[in-house]
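S.K.: Build me a model:
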Amino acid sequence: MRRPQYHFPSRRSPVLATHGMVATSQPLASMAGLRMLQAGGNAADAAVATAATLNVVEPMSTGIGGDAFALVRFAAEGRVRALNGSGRAPAAANLEALRAQGLQQIPLFSPLTITVPGTVDAWYQLQTTYGALAWSDVLAPAIAYAEEGFPVSPIIARRWSELVGKMSGDAEAARVYLPAGRSPRAGEIFRNPDLAATLRGIAQGGPSAFYEGPVARAIADTVQAKGGWVGVDDLRRHHSTWEEPISTVYKDVTVYEHPPNGQGLAALIALNLAAQIGLDDKAWGSLEATHLLVEAMRMGFADGHRYIADPAMARVPVAGLLSPAYAAERARLISPDRALAHAEPGIPPASDTVYLSAVDGAGNAVSFINSLFHGFGTGIVAQGTGVALQNRGALFSLDPAHPNALAPGKRPYHTIIPAMACRDGRLWLSFGVMGGFMQPQGHVQVVTNLLNFGMSYQEALDAPRWCVMEDDSLSMEAGFSDGTRAALARLGHRLAGGAPTFSSAFGGGQIIAVEDGILWGASEPRKDGCAIGW
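M.R.: Take a look at the predicted model:
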């Protein structure tokens, strides 16, 4: 049994329970999921109730205007399944028209980045496939919070306030999410009657109440009035898919990730490289351990950005990228004495987000992630619905030769990734770390913190983090020594400005572990949330 250690500034204890547990970034949402478990529901019911409540209480991060992914392991099946709830590019999407305008990428918050929202169908497929309660029951807590209101929690209030300028640019967004012309303050009650009505319709009519009828028409009309592509036929055609997860064995643990179009592949590539390098003789936070893990992650991203795409429309060489031979070849490029000037992709052999975890007393688990991409997505809200629309299409490439090139009906490269880990064929961890391109980096750091550096579950989340940024610089939270930072710079790492410990820029994670029938919950100190069990 792992015993709590307090080497880092947090003083959170792990939460222990036997009958069930939910962990996520907002306590009211965690409690909504726990209520489902106590009412006789299972992990699927809890996950959907939690996700729906997060749409209400943390609306800048998630919602039915975005996408979702899940890893699901039910004890009776004895396997991990992946649910892809990401939406596709509209039929009218036109790469050449954008290139003719001289664009090298789709503008980040343009209405052209709005892809079909996949969340509602993902919730429905997960709950109706595995849940034990009525569909309407699992949406009831979210509807109540939207209609009656809830007190806004401090970190969410701060993030909301940072998005006032963005939301002010859309009249409907400002009306719904900036009452009295400002964001709600911590402790202030916020109500969202438009979203309550939309959720109530979905509770009564299922996905068709979202993908057809007045809500679909409101979404399509809003998007097209802004110059975007989504139409009612795009919404009507949407469907989620059940897929096989991808995995690798790290030490004695099988780590599972969602397959492409998600970026979990980058985390597994990095873990394979870490296994080749070897970390057991190195201390956490040391120059040696930090340098080698950062280099492994940079190479994982190089391959991920080159190859990850919608496998229904592009070849993604997953088996080759995860093969031991490829890992050994790539590991030879990592030097202990200097940073790579630029991490290039290899040639493999042929062959703002919320995260939640729910585990019930029968050992069933759902690792679930739901997102609008950036805060409030595009900043556009569909008229009369309360639905903030994602900007996920910004991750498409405008290079027609790239596997992730924009095309009608195609799913984009996705940053959101849930994770699981099994030991000896039994569930060990249901976990995730939210936060854009921080996510695979967070997964790698959590796994190595546990398996290489001997941390407890809570400590694995508390530990200061590093992050390889999109410009290839390295950002590090406070908590790494000045000596390590200086030595990394001497090896050629380009260090970005420092950040305080527990900065939300470094993600937000949750862990539920199973040991001898006991559930151990840990929750991210960078967020408002908690793990709750019974």
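
S.K.: Just list the residues touching the residue nearest the centre of the chain, thanks.
M.R.: Geometric centre of the chain, nearest residue: I416, 3.3 Å, by C-alpha atoms, centre = their mean. Taking C-beta atoms under 8 Å, 6 or more residues apart in numbering, we find I416 in contact with D67, A68, F69, G262, T353, I369, N370, S371, M434, Q439. Using the backbone N, CA and C atoms, a C-beta is placed for each residue, glycine as well.

S.K.: Keep only those of those that are in helices.
M.R.: Q439 (DSSP state H).

S.K.: could I get the contacts of I416 as JSON lines with distance to D233?
M.R.: Listed next are these as JSON lines, based on distance: C-beta to C-beta, whole Å:
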{"residue": "D67", "distance to D233": "19"}
{"residue": "A68", "distance to D233": "22"}
{"residue": "F69", "distance to D233": "24"}
{"residue": "G262", "distance to D233": "26"}
{"residue": "T353", "distance to D233": "28"}
{"residue": "I369", "distance to D233": "28"}
{"residue": "N370", "distance to D233": "25"}
{"residue": "S371", "distance to D233": "25"}
{"residue": "M434", "distance to D233": "32"}
{"residue": "Q439", "distance to D233": "32"}
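
S.K.: Save the contacts of I416 as JSON lines, and put in pLDDT too.
M.R.: Formatted as JSON lines, these follow (pLDDT from 0 to 100):
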{"residue": "D67", "pLDDT": "97"}
{"residue": "A68", "pLDDT": "97"}
{"residue": "F69", "pLDDT": "97"}
{"residue": "G262", "pLDDT": "95"}
{"residue": "T353", "pLDDT": "77"}
{"residue": "I369", "pLDDT": "95"}
{"residue": "N370", "pLDDT": "95"}
{"residue": "S371", "pLDDT": "94"}
{"residue": "M434", "pLDDT": "86"}
{"residue": "Q439", "pLDDT": "93"}
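
S.K.: are any of the contacts of I416 buried, and which?
M.R.: D67, A68, F69, G262, T353, I369, N370, S371, M434, Q439 (16 or more other C-beta atoms under 10 Å).

S.K.: which residues in the stretch 251-400 of the chain form strands?
M.R.: Secondary structure of the stretch 251-400 of the chain, counting by DSSP state E, counting those that start in this stretch: strands at 253-257, 353-360, 365-371, 380-381, 388-389.

S.K.: can you tell me which of the ones you listed the model trusts least?
M.R.: Lowest mean pLDDT of those: strand 353-360, a mean of 91.

S.K.: mind listing what's buried in that strand?
M.R.: Of all the residues in strand 353-360, those buried under the rule 16+ other C-beta under 10 Å are T353, V354, Y355, L356, S357, A358, V359, D360.

S.K.: Tell me the one of those nearest F150?
M.R.: When the buried residues of strand 353-360 are ranked by distance to F150 (C-beta to C-beta), V354 comes first, at 15.2 Å.

S.K.: SS state for the residue nearest to the closest one when sequence neighbours are not counted?
M.R.: Closest residue to V354 apart from its sequence neighbours, by C-beta to C-beta, 6 or more residues apart in numbering: T62 at 4.3 Å. At T62 the chain is in coil, as set by DSSP: H, G, I helix; E, B strand; the rest coil.

S.K.: count of residues packed around T62?
M.R.: By the criterion of other C-beta atoms under 10 Å, T62 has 33 neighbours.

S.K.: who's in contact with it?
M.R.: If you count contacts by C-beta under 8 Å, 6+ apart, then T62 has A51, L54, N55, T119, T353, V354, N370, S371, L372 around it.

S.K.: Quick check: the third one is in a helix.
M.R.: Yes - read with three-state DSSP, N55 is one of the residues of a helix.

S.K.: Does it touch T198 like I think?
M.R.: No - using C-beta atoms under 8 Å, N55 makes no contact with T198, being 9.9 Å away.

S.K.: Compare these two (neighbour count), which wins?
M.R.: N55 (31 against 27).

S.K.: Check that one and give its pLDDT.
M.R.: 97.

S.K.: contacting residues for it?
M.R.: Shown in contact with N55 (C-beta under 8 Å, 6+ apart): T62, G63, I64, A142, L195, L199, N370.

S.K.: mind running it again at 10 Å?
M.R.: Neighbour list for N55: 29, 61-66, 119, 123, 139, 142, 145-146, 192, 195, 198-199, 354, 370, 372, 386-388 [criterion: C-beta atoms under 10 Å, 6 or more residues apart in numbering].

S.K.: And the residues you listed, which of them are buried?
M.R.: 29, 61-66, 119, 123, 139, 142, 145-146, 192, 195, 198-199, 354, 370, 372, 386-388.

S.K.: for this structure, where's the lowest mean pLDDT among helices and strands?
M.R.: Scoring the helices and strands of the chain by mean pLDDT, DSSP states H and E places strand 353-360 at the bottom, with a mean of 91.

S.K.: That one pairs with which strands, parallel or anti?
M.R.: Using DSSP bridges, the strands paired with strand 353-360 in its sheet are strand 20-24 (antiparallel), strand 365-371 (antiparallel).

S.K.: for the stretch 151-300 of the chain, which spans come out with low pLDDT?
M.R.: For the stretch 151-300 of the chain, applying pLDDT under 70 flags no range at all.

S.K.: possible to save the contacts of T62 as TSV with distance to N449?
M.R.: Compiled in TSV, the contacts of T62 are given as follows (distance: C-beta to C-beta, whole Å):
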residue	distance to N449
A51	26
L54	25
N55	30
T119	30
T353	21
V354	22
N370	25
S371	24
L372	29
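
S.K.: Can you tell me which of the strands paired with strand 353-360 is nearest to W135?
M.R.: strand 365-371 (15.8 Å).

S.K.: Check the offset of the closest one from the chain's centre.
M.R.: 8 Å (C-alpha atoms, centre = their mean, to the nearest Å).

S.K.: Just the angle for it relative to strand 253-257, thanks.
M.R.: 40 degrees (axes from the mean of the first three to the mean of the last three C-alpha atoms, to 10 degrees).
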